[in-house]
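dropping a prediction and its sequence here:
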Amino acid sequence: GAGVSQSPSNKVTEKGKDVELRCDPISGHTALYWYRQSLGQGLEFLIYFQGNSAPDKSGLPSDRFSAERTGGSVSTLTIQRTQQEDSAVYLCASSLGQRGTEAFFGQGTRLTVV
Amino acid sequence: RKEVEQDPGPFNVPEGATVAFNCTYSNSASQSFFWYRQDCRKEPKLLMSVYSSGNEDGRFTAQLNRASQYISLLIRDSKLSDSATYLCVVNRRDSSYKLIFGSGTRLLVRP
């Protein structure tokens, strides 16, 4: 596709379950970012990938959160033992990873933990 | 201290007004700068890049002040459709070129 694709668009899960969120970046984009946004709040940085490595994972809120990227393309964000405070929109963005290049966002995954 | 800081607002202005937002960044090695717009319940989208000499796109003007480490966005003749959150973004000069997002400034344009 032409843009960043995220799936699922909506996810409702029970507290304590694990969830996987997927991001397909724009082809050729080496940089990939995960953010989350709670209702009415700003973007909260989670993790940044350059290729398959994550030079900055400082935003992951706990060890229940992990992310990986394979083949320099698709990324998966996994949340284990979900809690209600994990409810938010999870946004993925990708960029060429070079100076002066902007990032393009997917439409996000709205996660609701009940 | 956050690396990129913005006044969260909201800025509440009448239609037709001129409004300006500032954003400060702490890393002097930052090289590239952008303004993004985010509508309610939507993903952020690029509004404009910010160039060293300043740049204009219709009613929108962006300025960069490297000495004081801030960028600004000026919106002239505000429209109701300009109501959104405006995010300031900087790109570090290091091996990774990571993009750092501010928390955003909310603008409300009233009739």
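Good, I have the coordinates.

and chain B, which of its residues are near chain A?
B:8, B:31-32, B:34, B:42-46, B:49, B:87, B:89, B:91, B:93, B:95-104 (Cβ under 8 Å from any Cβ of the partner chain). Every residue, glycine included, has its C-beta placed from N, CA and C.

residues from chain A in reach of chain B?
A:31, A:33, A:35, A:41-43, A:45, A:48, A:50, A:55-56, A:91, A:93, A:95, A:97-108.

buried among the residues you listed? Make that a PyMOL selection.
Here is the PyMOL command that selects the buried residues among those (16 or more other Cβ atoms under 10 Å in any protein chain shown):
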select buried, chain A and resi 31+33+35+42+43+45+48+50+91+93+95+97+101+102+103+104+105+106+107+108
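
if you average pLDDT per helix and strand, which one of chain B comes out bottom?
strand B:99-101 (a mean of 85; mean pLDDT, DSSP states H and E).

in the chain, what spans have low per-residue confidence?
Just going to use chain A. A:1, A:99-100 (pLDDT under 70).

wait, chain B
Ranges of chain B meeting pLDDT under 70: B:93-97.

what's the closest non-adjacent residue to the residue in it that chain A sits nearest to?
Using Cβ to the nearest Cβ, the single residue of chain B nearest to chain A is B:S103, 3.1 Å away. Excluding the flanking residues, the one nearest B:S103 by Cβ to Cβ, 6 or more residues apart in numbering or on different chains is A:G42, at 3.1 Å.

cool, and B:S72?
B:Q63 (4.7 Å).

so who does that neighbour touch?
By Cβ atoms under 8 Å, 6 or more residues apart in numbering or on different chains, the contact set of B:Q63 is B:50, B:54, B:71-72, B:74.

so which of the residues you listed wins on neighbours?
B:I71 (26 neighbours; other Cβ atoms under 10 Å in any protein chain shown).

okay, it and A:A67: tell me how far apart.
Distance, B:I71 to A:A67, by Cβ to Cβ, to the nearest Å: 30 Å.
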